[in-house]
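Enquirer: Could you work out the structure for the sequence below:
(one chain, ligands or ions: 2)
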Amino acid sequence: MSEWRCIGCGGPLQNTDSDAPFYTPKTYEKNVPIYCERCYKIRHYGQIKPSFVSESVILDTLSTVEKRPGILVLVADALDFYGSMHPYFNELSHHKRTLLIVNKIDVLPKSKRREKMRQAYLTMAQDQGLSVDKIMLVSALKKTEIDTMIERMLTLSMGQDMTLVGVSNVGKSSILNAILGAQTGQTNQVTTSFESHITQGLIPFRLKDQTLYDTPGLSSHHSYRYYVSGESLRMIMPFKEIKPIVFQSVAGRSFFIGGFAYVSFDADQTGQMVSYFANPLTIHARNDAHPEHFYESKVGHLLNPPAVTDPSVPMVTHEINMSEPSISCFFPGLGFMRLHGITKMRVTTYAPVPPIMHEGMMA
Ligand SMILES: Nc1nc2c(ncn2[C@@H]2O[C@H](COP(=O)(O)OP(=O)(O)OP(=O)(O)O)[C@@H](O)[C@H]2O)c(=O)[nH]1
Ligand SMILES: [Mg+2]
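Expert: Ligands and ions are numbered 1, 2, ... in the order given. Predicted coordinates:
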């Protein structure tokens, strides 16, 4: 690993070519922390330059983690749990002791019982094929459970390295910042943003006598967050506690999640639905069991934001039958709906992001 690295993103610094990646006008001095120009612009002006590192470079970086002894601290997003899953981490979790951190717990309603949620996330993780040694619910933003998380990491790692891994945007660097804050009082050293692919290389941090690494996030191709950016991404990322919306009757109605997806129910479906999405994402309800025409004519206008910028990628309708009295329908990258007393529905989503049904979450 080159010694001269950006402390914000972990990229290898250079001061010879201002058009090349990881440029800084500064010169090397031992132990002097420096940010690359890309980090500087993100941190001071909120300007995001595209990532310099490809998915294969990220996988190469992560393979160095795979080879070293140590534990995985696998980070998932509380509202986007399924969008946080990746086959590479599933596989890795079977070779390494794994602490699963469900981050951003502050965005879920406070009324929900934490122990029940912890159990629900654990079941969902196991059903996805993850091997989990311990699970914790935290908030890097609100600094909830950070000290306990540090203790758990140190206990589980038994003197070996600890590596924060996960898909992009789940809050790995924010967790490192929270740990840095708790240990040294330093705030916000590592660069973070609501946009994806901010961290570009390994960022080491000394924790007691061990090393904790932050890593670049992989892409989650089965999450809406992969297909949108800028203002649309801002609308679907929850920055505050989300307010669930209760729809007492779904009979003969359709519900549009912005312009991303819609759900429709036949007239004989008398149950109830509760939606959990970021507050700026409007749910439009209509008395219309055949919503295709309405969607076609209103997407991008009344139904905003539109699903994706590439109109050639199709929407697909899933016919779903349920046998459980209560079940959740997850829309990776967006949120979920809790359904009570409903036996049948049609869910239309952008093709690469199918809905996922699970009985866990939110009693
Ligand atoms: N509400 C809330 N937002 C959070 C929390 N932790 C992180 N975020 C936000 O999530 C976004 C992504 O955070 P990062 O720390 O940059 O995510 P990352 O996993 O390091 O992303 P990459 O570097 O791209 O892999 C930022 O907008 C953070 O402010 C949290 O506990 N609660
Ligand atoms: Mg990061």
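
Enquirer: Relative to the whole chain's centre, how far out is the helix or strand bottoming out on mean pLDDT in the chain?
Expert: Across the helices and strands of the chain, the lowest-confidence element by mean pLDDT, DSSP states H and E is helix 230-236, at a mean of 89. A distance of 14 Å separates the C-alpha centroid of helix 230-236 from that of its chain, computed with Cα atoms, centre = their mean, to the nearest Å.

Enquirer: what does stretch 352-361 give?
Expert: Its chain's C-alpha centre lies 15 Å from the corresponding centre of stretch 352-361 when counted by Cα atoms, centre = their mean.

Enquirer: Contact partners for the closest residue to ligand 2 within the stretch 251-363 of the chain?
Expert: Shortest the stretch 251-363 of the chain-to-ligand 2 distance, computed as Cβ to the ion: residue-wise this is Gly333, at 17.5 Å. To be clear about C-beta, it is placed using only N, CA and C from the backbone, and glycine gets the same treatment. Gly333 makes contact with 80, 83, 220, 223-227, 236, 353, according to Cβ atoms under 8 Å, 6 or more residues apart in numbering.

Enquirer: Quick check: the gap between the closest residue to it other than its chain neighbours and Ile245.
Expert: The shortest distance from Gly333 to any non-neighbouring residue, by Cβ to Cβ, 6 or more residues apart in numbering, is to Tyr224 (3.2 Å). Plainly put, Tyr224 is 19 Å away from Ile245 if you go by Cβ to Cβ, to the nearest Å.

Enquirer: And the two? Which one has more around it.
Expert: Each of Tyr224 and Ile245 has its neighbours counted (other Cβ atoms under 10 Å); Tyr224 has more, 28 against 16.

Enquirer: any idea how far the more buried one is from ligand 1?
Expert: Using Cβ to the nearest ligand atom, to the nearest Å, Tyr224 is found at 15 Å from ligand 1.

Enquirer: With Leu180 instead?
Expert: Between Leu180 and ligand 1 the computed distance is 12 Å (Cβ to the nearest ligand atom).

Enquirer: Now the helix or strand hosting that residue: buried residues?
Expert: If you go by DSSP states H and E, Leu180 is part of helix 172-184. Judged by neighbour count using 16 or more other Cβ atoms under 10 Å, the buried positions of helix 172-184 are 172-181, 183.

Enquirer: what about it, distance to the chain center?
Expert: When C-alpha coordinates are averaged (Cα atoms, centre = their mean), helix 172-184 and its chain have centres 18 Å apart.
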